[in-house]
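Novice: test case, fold it:
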Amino acid sequence: MRTLKSITSIWVLPVVAALSFSMVGCQSQQQLGSNADAASKVYVAPGEYDEFYGFMSGGYSGQLSIYGIPSGRHIFTIPVFSQAPTNGYGYSEETKAMLETSHGFIPWGDAHHPELSQTDGVPDGRYIFINENNTPRVAKIDLKSFQTTEIIEIPNSAGNHASPFVTQNTEYISAGTRFSVPVDGEGDVAINSYAENFDGTLSFIKMQEDGSMKLDFQILVPGFDYDLSHSGKGPSHGWAFFTSYNSEEAHTLLEINASKNDKDFIAAVNWQKAAEYAAQGEGELVDAEYYRNYVDKNDHIAKSERNSQVRILNPAELEGMIYYLPTPKSPHGVDVSPDGKLIAAGGKLSTVIPVHSFDKMLQAIENEDFEGEIDGIPVLNYDSIIAGEVENPGLGPLHTEFDGNGYAYTTAFISSEIVKWSLETFEVVDRIETYYSPGHLMIPGGDSRKPWGKYLVSLNKITKDRYLPTGPELFHSAQLIDISGDKMQLLLDFPTEGEPHYAQAMPSDIVMKDQVKFYRLEENNNPYAAKSEKAAKVERDGNEVHVYMTSIRSHFTPDNIEGIKVGDKVYFHVTNLEQDWDVPHGFTILGGNTAEILVMPGETRTYVWEPKKAGMFPFYCTDFCSALHQEMQGYVRVSPEGSDVEIAYGTGQ
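Specialist: Sure, this is the predicted structure:
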């Protein structure tokens, strides 16, 4: 026999179901309105431009990707640390040298943090820098051409993660080692001698007057893991701040052994004082092999410069360069407020966001308010330097950026949310869920003195159920959030290449005005350039054959070549004679064991081919250039090794 309770539940359930359906329907209509509003905010009409350029690291792709903001459209990918078959970067003879290192030719990189050049603490549109984590390097990309023009290797470093963060006027680019290693050149030591033999380094790369990069000095620091960095601005200009974890100096099972101390450290570096010491010849010149690769401004050919020494400054011998700020717990990100007065840390295992005061830090240094020292580096008293602690910041706070209106925004990795908090009261005023596990976030200009605000991009680490499934491997998910009002509003999901870690953005008009659209043919100083069809030729030098080839809509000159033999090494030097924007030509040949080359208007690129057997080998243009693109082709006749077929070439005339 049914009880009254069970009987009641029978008629209550349909009512609840009906109410639920009604509520869902109502929510759905509300959501529809919200989606329509969101869609209108991200819509960029055909032929119109996005308001911002968004520059996103490619993580394990080794490249830098460009997205339009707010549309989320993928506009371009800049090859940096990895070979790029799309255009032959790292394959062509003119670009191979960019990937040389002290470990040899490295065709891949792990790119984490893009950083725009700044003037007076504001992005200026000249350059963007990006780090390579695995084989420590820093690259410079010229935003006039959107091409990588320089890469410098970092010695005495492993895991170049806290990099490449610029000072207020791009005087220096800083780089901290994530993995401490033996620095004296004697790497063959027992791993369990970590505490005795492993050290960290904080490197400072100087931007010289001609725009080139020079590794000016390194600061020797205890063997912690140096994770991320940001430089000071305004009153804190002249300082740089690096988070560190593993103050336990563990070398195994770090998830346990490097998570024991209640506080680790932010290293506050007075880089101006350090630069003065370096200029005075202080410190020690230490043997270290590292490469600087650069594109020669004269002939646009990449060249490698081997360096053999670096200056190392020791804080135990040189006072006033560096101080440790105790920071809970296992801090990851460190971010400086637009006014330069507050230093926010993202303690991965902390229950609060600790915010240090730069003014209090200076006062504590003046008062020698230290709780101890580590390897000659004073450790400041936590209570003396803290400005406030943001409570209830979500689980796993990582990174903070600023909107320029008195608010900060921090990602919470574990609880999958972004929290908005006040720089005055340190109180959380809003929070929004993300899908899922956000790492970095980006606000246009959000790490500068004058953020443009308006939008926030959450760079999420997990993507499942956001897009159409593509098997076990998924692109990562970025989410565009409107921060122009009191409440954050999710506008858009869009997939991103590789694994973006960090991103930067700036108004598009700052970058667009100086764009290079083609290279002037008369300024092409490549020694193998053929600047007219009359200059096209084929020359033999032993078993090397050099083809001076031109390309123009819609033919190559020459397009028939004979006299190539098995065992020859053939260099196709292709010059694009076009002098119009967006008319590249490509080149490849049957049996080529390299990538195609994509040759921009007015440029020369070289494709190397070593035929392995006799026969007829067609070549063609890989970039659709005209209505007669399919006709842009030719033949190379390859004869057996030792044959007496002479070099002959032409266009059939």
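
Novice: only C-alpha atoms from now on, for both contacts and neighbour counts.
Specialist: Will do.

Novice: which ones are touching the nearest residue to Glu282 once chain neighbours are set aside?
Specialist: Once flanking residues are discounted, Glu282 sits nearest to Leu313: 7.1 Å by Cα to Cα, 6 or more residues apart in numbering. Leu313 makes contact with Phe217, Gln218, Ile219, Leu220, Ala274, Tyr277, Ala278, Glu282, Gly283, Glu284, according to Cα atoms under 8 Å, 6 or more residues apart in numbering.

Novice: top of the residues you listed by neighbour count?
Specialist: Of all those, the most densely surrounded is Gln218 (28 neighbours; neighbours counted as other Cα atoms under 10 Å).

Novice: wait, is that residue part of a strand?
Specialist: Yes - judged by DSSP: H, G, I helix; E, B strand; the rest coil, Gln218 forms part of a strand.

Novice: ok, it - contacts?
Specialist: Thr201, Leu202, Ser203, Phe204, Val310, Arg311, Ile312, Leu313.

Novice: what's opposite it in the beta bridge?
Specialist: Ser203, Ile312 (DSSP bridges).

Novice: from Gly200, how far off is it?
Specialist: Counting by Cα to Cα, to the nearest Å, the separation of Gln218 from Gly200 is 10 Å.

Novice: check Pro70 too.
Specialist: Taken as Cα to Cα, the span from Pro70 to Gly200 is 40 Å.

Novice: also Val189?
Specialist: On the measure of Cα to Cα, Val189 and Gly200 end up 16 Å apart.

Novice: who's more crowded, these two?
Specialist: Gly200 (25 against 11).

Novice: ok, that one touching Phe179?
Specialist: Yes - the pair Gly200 / Phe179 is scored as a contact, 7.3 Å apart, by Cα atoms under 8 Å.

Novice: list residues touching both of the two?
Specialist: Joint contacts of Gly200 and Phe179 (Cα under 8 Å, 6+ apart) are Ser157, Phe224, Asp225, Tyr226.

Novice: mark which of those are part of strands, please.
Specialist: Asp225, Tyr226 (DSSP state E).

Novice: right, and the pair among the shared contacts of Gly200 and Phe179 with maximum separation?
Specialist: Ser157 and Phe224 (12.1 Å; Cα to Cα).

Novice: now do the strands in the stretch 551-653 of the chain.
Specialist: With DSSP state E, counting those that start in this stretch, the ranges of strands along the stretch 551-653 of the chain come out as 555-557, 560-565, 569-576, 585-589, 597-599, 604-609, 615-620, 633-639, 648-650.

Novice: include distance to Pro114 and mean pLDDT when you put the ones you listed into JSON lines, please.
Specialist: JSON lines is the format used below for these (distance: least, Cα to Cα, whole Å; pLDDT from 0 to 100):
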{"stretch": "strand 555-557", "distance to Pro114": "39", "mean pLDDT": "98"}
{"stretch": "strand 560-565", "distance to Pro114": "45", "mean pLDDT": "98"}
{"stretch": "strand 569-576", "distance to Pro114": "31", "mean pLDDT": "98"}
{"stretch": "strand 585-589", "distance to Pro114": "29", "mean pLDDT": "98"}
{"stretch": "strand 597-599", "distance to Pro114": "25", "mean pLDDT": "98"}
{"stretch": "strand 604-609", "distance to Pro114": "28", "mean pLDDT": "98"}
{"stretch": "strand 615-620", "distance to Pro114": "36", "mean pLDDT": "98"}
{"stretch": "strand 633-639", "distance to Pro114": "40", "mean pLDDT": "98"}
{"stretch": "strand 648-650", "distance to Pro114": "47", "mean pLDDT": "96"}
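
Novice: let's have these in a markdown table, adding distance to Glu317.
Specialist: Formatted as a markdown table, these follow (distance: least, Cα to Cα, whole Å):
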| stretch | distance to Glu317 |
| --- | --- |
| strand 555-557 | 65 |
| strand 560-565 | 65 |
| strand 569-576 | 55 |
| strand 585-589 | 57 |
| strand 597-599 | 52 |
| strand 604-609 | 51 |
| strand 615-620 | 63 |
| strand 633-639 | 67 |
| strand 648-650 | 69 |
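
Novice: which one of those strands lies closest to Thr101?
Specialist: strand 604-609 (21.6 Å).

Novice: span of stretch 514-534 from start to end?
Specialist: Length of stretch 514-534, first residue to last, Cα to Cα: 33 Å.

Novice: after the helix or strand of the chain with the lowest mean pLDDT, which helix or strand is next? Please name it.
Specialist: Least confident helix or strand, the chain: helix 4-42 with a mean of 47, by mean pLDDT, DSSP states H and E. Once helix 4-42 ends, the next helix or strand along the chain (criterion: DSSP states H and E) is strand 52-57.

Novice: that next one pairs with which strands, and in what direction?
Specialist: When DSSP bridges is applied, strand 52-57 pairs with strand 64-69 (antiparallel), strand 503-507 (antiparallel).

Novice: CSV please, covering those and showing distance to Pro136.
Specialist: Converted to CSV, these look like this (distance: least, Cα to Cα, whole Å):
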stretch, distance to Pro136
strand 64-69, 16
strand 503-507, 19
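
Novice: make sure Ala274 is actually in contact with Met321.
Specialist: Yes - between Ala274 and Met321 a contact is recorded at 5.7 Å, counting by Cα under 8 Å.

Novice: re earlier: out of the strands of the stretch 551-653 of the chain, nearest to Ala505?
Specialist: strand 597-599 (27.7 Å).

Novice: and that closest one, which strands flank it?
Specialist: Going by DSSP bridges, the partners of strand 597-599 are strand 585-589 (antiparallel).

Novice: picking up where we left off before, name the nearest of the shared contacts of Gly200 and Phe179 relative to Phe619.
Specialist: Nearest to Phe619 among these is Ser157, at 44.5 Å by Cα to Cα.

Novice: test my guess that that closest one contacts Asp199.
Specialist: No - checked against Cα under 8 Å, the pair Ser157 and Asp199 is beyond contact range at 9.3 Å.

Novice: hey, what's in contact with both of the two?
Specialist: Residues touching both Ser157 and Asp199 by Cα under 8 Å, 6+ apart: Ser180, Val181.

Novice: and those two? Which one has more around it.
Specialist: Ser157 (27 against 23).

Novice: do you know how far that one is from Ile312?
Specialist: 13 Å.

Novice: and the closest residue to Pro527 other than its chain neighbours, helix, strand or coil?
Specialist: The shortest distance from Pro527 to any non-neighbouring residue, by Cα to Cα, 6+ apart, is to Asp299 (7.6 Å). Using three-state DSSP, the structure places Asp299 in coil.

Novice: tell me the confidence at Asp299?
Specialist: As predicted, Asp299 sits at a pLDDT of 96.

Novice: didn't it look like it was pressed against Asn524?
Specialist: Yes - using Cα under 8 Å, Asp299 is in contact with Asn524, at 6.6 Å.

Novice: any shared contact partners between these two?
Specialist: Joint contacts of Asp299 and Asn524 (Cα under 8 Å, 6+ apart) do not exist.

Novice: who has more neighbours out of those two?
Specialist: Legend: neighbour count by other Cα under 10 Å for Asp299 and Asn524, higher for Asn524 (19 against 16).

Novice: distance of the more buried one from Val429?
Specialist: From Asn524 to Val429 the distance is 57 Å (Cα to Cα).

Novice: chain center to stretch 276-293, what's the gap?
Specialist: Centre-to-centre, stretch 276-293 and its host chain are 25 Å apart (Cα atoms, centre = their mean, to the nearest Å).
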